[in-house]
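In: any chance you could fold what I've pasted below:
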Amino acid sequence: MLVHQLGAEPFVDALRHTDAGALAVALAVTAGTTWCCARRWSLLAGALEVPVPLAAAYRACYSAQFLNATLPGGIVGDVHRGIRHGRESGAMARGLGSVVWDRVSGQFVQVALVVLALPLLPGELRPWALGLAACVAVIVVVFRSELRAVMGAPGLFARVVLLSAVAAGGHVLVFVVAARTAGVTAPLLELVPLALGVLLASAIPLNFAGWGPREGAAAWVFGAAGLGAAAGLEVAVVYGVMSLVATLPGAVALWSGRLPATEPRRPEPVEVRRA
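Out: Numbers count the residues shown, from 1 in each chain. Prediction:
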């Protein structure tokens, strides 16, 4: 639909403008955001009594990002790490639940950031942001007892929110770099709220290897902001390429996790001669 409406030029321009510097920024920033997500998951898993070491969580989160960025739906990687952790911990329900809480807490913080940026959003987007905030408020009220049970540990809620906010900030930074790479010169106060909206849409699990809702949302919000739907589409494509490259370390983590364990070499028997 986007190709029909806007032509192929935004896609071609995005691929032509993406350079090594932008990809290097994406790799570096994603290493940090992945650590934040891994630390958040480790904390939540510990609260659910299915602890996962931070190093293992870091590898699993990288692997999950790679699978999410290469397979349809955008959640296959998280399902994979949830099932794997459930099997390894011997508590499948809580293992999966730790990943669900990890994903949900991150999305809630992203919604909160969009609401905070509401005054900076174009007028056409504000009703949608308010409606989304209302839905989240209803969900929080309905599941408040579960929230208390999981987030009841002292300081856990604040740490989860802080880690989620830092991770979201890293994704916004990559988006801003993508926008500058695509030639968009709008000020940061205008770009950051748009980035938050696009990134929230990109989490909708109706994509194909990350592509779909993100590009549609970018075309819509950039058009509403007066920057042009074609410019928004080009930025989203540049961001998609940067994000895909940034998840490639996850392929290494996934491959290394499948390697068979090396069995220790047994000492050769020593022949004892009798006198």
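In: okay, CA-based contacts and neighbour counts for the rest of this
Out: Noted.
In: so G106 sits against S164, correct?
Out: Yes: under the criterion of Cα atoms under 8 Å, G106 makes contact with S164 at 5.2 Å.
In: of these two, who's got more company?
Out: S164 (25 against 19; other Cα atoms under 10 Å).
In: what sits against that one?
Out: C36, C37, R40, S105, G106, V109, Q110 (Cα atoms under 8 Å, 6 or more residues apart in numbering).
In: for the first one, which non-adjacent residue is spatially closest?
Out: Leaving aside its sequence neighbours, C36 sits nearest to L163 (Cα to Cα, 6 or more residues apart in numbering; 5.3 Å).
In: look up how far E146 lies from that neighbour.
Out: According to Cα to Cα, to the nearest Å, L163 stands 20 Å off from E146.
In: which one of these two has more residues nearby?
Out: Between L163 and E146, counted using other Cα under 10 Å, the more crowded position is L163 (20 against 11).
In: which of the helices or strands spans that one?
Out: In this structure, L163 sits in helix 156-181 according to DSSP states H and E.
In: T30 now?
Out: Using DSSP H and E, the element containing T30 is helix 20-47.
In: how distant is that helix from the center of its chain?
Out: Distance of helix 20-47 from the chain centroid (Cα atoms, centre = their mean, to the nearest Å) equals 9 Å.
In: buried ones in that helix?
Out: Buried residues in helix 20-47, counted by 16 or more other Cα atoms under 10 Å: 22-23, 25-27, 29-31, 33-45, 47.
In: kindly report the same for stretch 198-209.
Out: V198, L199, L200, A201, S202, A203, P205, L206, N207, A209.
In: give me the nearest residue to A167, chain neighbours excluded.
Out: Taking Cα to Cα, 6+ apart, and ignoring the residues beside it in sequence, A167 has T33 as its nearest neighbour in space, at 4.5 Å.
In: report pLDDT for that neighbour.
Out: As predicted, T33 sits at a pLDDT of 97.
In: that one touches G170, doesn't it?
Out: Yes: using Cα under 8 Å, T33 is in contact with G170, at 6.0 Å.
In: secondary structure element for L254?
Out: helix 248-257.
In: what's in contact with that helix?
Out: Around helix 248-257, the neighbours that count as contacts under Cα under 8 Å, 6+ apart are R59, A60, C61, Y62, S63, A64, Q65, F66.
In: same deal with stretch 55-73?
Out: Contacts for stretch 55-73 (Cα under 8 Å, 6+ apart): 34-35, 37-39, 41-42, 74-78, 80-81, 205-210, 243-244, 247-254.
In: which helix or strand contains A69?
Out: Here A69 is assigned to helix 54-70, by DSSP H and E.
In: now that helix against helix 20-47, angle please.
Out: 120 degrees (axes from the mean of the first three to the mean of the last three Cα atoms, to 10 degrees).
In: now do the helices in the stretch 101-250 of the chain.
Out: For the stretch 101-250 of the chain, the helices defined by DSSP state H, counting those that start in this stretch occupy 126-142, 144-151, 156-181, 188-202, 213-224, 229-246, 248-257.
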